[in-house]
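**Student:** here is my input; please provide its structure:
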Amino acid sequence: MLSYQHEYHAGNHADILKHSCLCMILESLCKKEKPFTVIDLHAGAGVFNLNDERAIKTGEAKSGIKYLKSLSLSSCPEAVGTYLQKESAYLEQGLYAGTPELERLYARKGDQIHLVEKHPQALESLVNNMSLPLHVAEGLAKTAVQPKIHKDDSYKAADFLTPPLIKRGLIIADPSYEDADDYRKVTDALKTARKKWNTAIIALWYPLIARRKNETTQMLTELEDFGKLGTIPCESFKVELIVRNPDEMKEEAGPHLYGSGMFIMNPPYKLKEKMEYASRWLEGLLKS
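**Tutor:** Model prediction:
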């Protein structure tokens, strides 16, 4: 299914959780001079215009990143503060940096970024955005790392892109989950990728939707159990941000998204503690 358009949702509560977590992982990878590889299985457009009529229509950015940015955040958690610092220059231009833009913000000479996208409109925007200099570096040359863009099925890409030549890095996946099969497909894809690249950090975003509770539980349990297997077993954890009471949404139209989560395999040091603190803090601000 190719109907999903993230322009309606850019900068919402789910993006705040996902991108705060991504920034913490990339910060960790950059602590060492050794190069790293990022494989982004659901890249999207890369950069979003928050003044787009689709973003304005839903108002999700207004109650998400715009609301967060309007507050005094001198004492905010490290994960949130780092994320807001990276987004700040974009927000001043009415833009929002998605995962590909954040990834190339962090990338250094020698690092590699692989971006996978199949949606025709998103792919066109991604190619255009990644061919430009970093949006926060107006007048400067292109970033030292030019991402490699793959027009392909994300789940197949998890197989043919692993293991990369640089075997230190991250796989990030955030399917739309519009198709119920995505729960099974992303589980199988990440299991395949881990078999081939078992030192990678794996970050999976997932929605919290009451009617998909069984699929979500099965997906997370299977991935957690799989991580414990093999010659290099790994730790894993999940962190969730709940912004609505699902019981109060039963009469509303729509998908009933009441929050979202991140599932991390082979996490960097202290990521679990940092993200758990950040999610509790965000929930206190964003929960309605």
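**Student:** show me what the host helix or strand of I39 is packed up against.
**Tutor:** Here I39 is covered by strand 37-40, with elements defined by DSSP states H and E. Helices and strands touching strand 37-40, by 3 or more Cβ pairs under 8 Å, 6 or more residues apart in numbering; DSSP states H and E, are helix 99-106, strand 112-116, strand 169-173. Where C-beta positions appear, they are placed from N, C-alpha and C, glycine not excepted.
**Student:** quick check: next helix or strand after the last one?
**Tutor:** On the C-terminal side of strand 169-173, the nearest following helix or strand under DSSP H and E is helix 182-196.
**Student:** gap between that next one and the chain center?
**Tutor:** Chain-centre distance of helix 182-196: 16 Å, with Cα atoms, centre = their mean, to the nearest Å.
**Student:** buried ones in it?
**Tutor:** Neighbour counts over helix 182-196 (16 or more other Cβ atoms under 10 Å) mark D182, Y183, K185, V186, T187, A189, L190, K191, A193, R194 as buried.
**Student:** need the pLDDT of the second one.
**Tutor:** What the model reports for Y183 is a pLDDT of 97.
**Student:** what does the last one give?
**Tutor:** Listed pLDDT for R194 reads 97.
**Student:** the strand holding I39: partners in the sheet, and parallel or antiparallel?
**Tutor:** Next to strand 37-40 in the sheet, as set by DSSP bridges, lie strand 112-116 (parallel), strand 169-173 (parallel).
**Student:** chain center to that strand: distance?
**Tutor:** With Cα atoms, centre = their mean, you get 11 Å for strand 37-40.
**Student:** let's have the strands paired with strand 37-40 in CSV, adding mean neighbour count, mean pLDDT and distance to K18.
**Tutor:** Formatted as CSV, the strands paired with strand 37-40 follow (neighbours: other Cβ atoms under 10 Å; pLDDT from 0 to 100; distance: least, Cβ to Cβ, whole Å):
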stretch, mean neighbour count, mean pLDDT, distance to K18
strand 112-116, 23, 98, 16
strand 169-173, 24, 98, 8
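**Student:** P268 is nearest to which of those?
**Tutor:** Closest to P268 of these, according to Cβ to Cβ: strand 169-173, at 9.5 Å.
**Student:** so, low pLDDT: which residues of the stretch 1-150 of the chain?
**Tutor:** Confidence mapping of the stretch 1-150 of the chain against pLDDT under 70 gives the ranges 1-4, 135-144.
**Student:** returning to that earlier point: in TSV: the helices and strands packed on strand 37-40, plus distance to N128.
**Tutor:** TSV is the format used below for these (distance: least, Cβ to Cβ, whole Å):
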stretch	distance to N128
helix 99-106	12
strand 112-116	13
strand 169-173	21
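**Student:** export the strands paired with strand 37-40 as CSV, with columns for distance to L208.
**Tutor:** Formatted as CSV, these follow (distance: least, Cβ to Cβ, whole Å):
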stretch, distance to L208
strand 112-116, 24
strand 169-173, 17
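**Student:** out of those strands, nearest to S28?
**Tutor:** That would be strand 169-173 among these, by Cβ to Cβ, at 9.5 Å.
**Student:** for this protein, just list every one of the strands.
**Tutor:** 37-40, 47-49, 95-97, 112-116, 148-150, 169-173, 201-209, 236-242, 257-265 (DSSP state E).
**Student:** identify the residues contacting K18.
**Tutor:** By Cβ atoms under 8 Å, 6 or more residues apart in numbering, K18 lies in contact with T99, D174, W205, S260, M262.
**Student:** could these go into TSV alongside distance to D52 and neighbour count?
**Tutor:** Below are the contacts of K18 laid out as TSV (distance: Cβ to Cβ, whole Å; neighbours: other Cβ atoms under 10 Å):
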residue	distance to D52	neighbour count
T99	18	24
D174	20	26
W205	22	23
S260	21	23
M262	26	26
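**Student:** for T199, state which of these is nearest.
**Tutor:** Distances from T199 to these, taken by Cβ to Cβ, are shortest for M262, at 19.5 Å.
**Student:** tell me the pLDDT of that closest one.
**Tutor:** With respect to pLDDT, M262 has a value of 98.
**Student:** and for the one 4 residues further on?
**Tutor:** Looking at N266, its pLDDT is 97.
**Student:** surely it meets I201?
**Tutor:** Yes. Between N266 and I201 there is a contact at 5.1 Å, judged by Cβ atoms under 8 Å.
**Student:** mind putting the strands of the chain into TSV with distance to M275?
**Tutor:** Supplementary listing: those in TSV, determined by distance: least, Cβ to Cβ, whole Å:
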stretch	distance to M275
strand 37-40	18
strand 47-49	23
strand 95-97	19
strand 112-116	22
strand 148-150	28
strand 169-173	14
strand 201-209	10
strand 236-242	4
strand 257-265	7
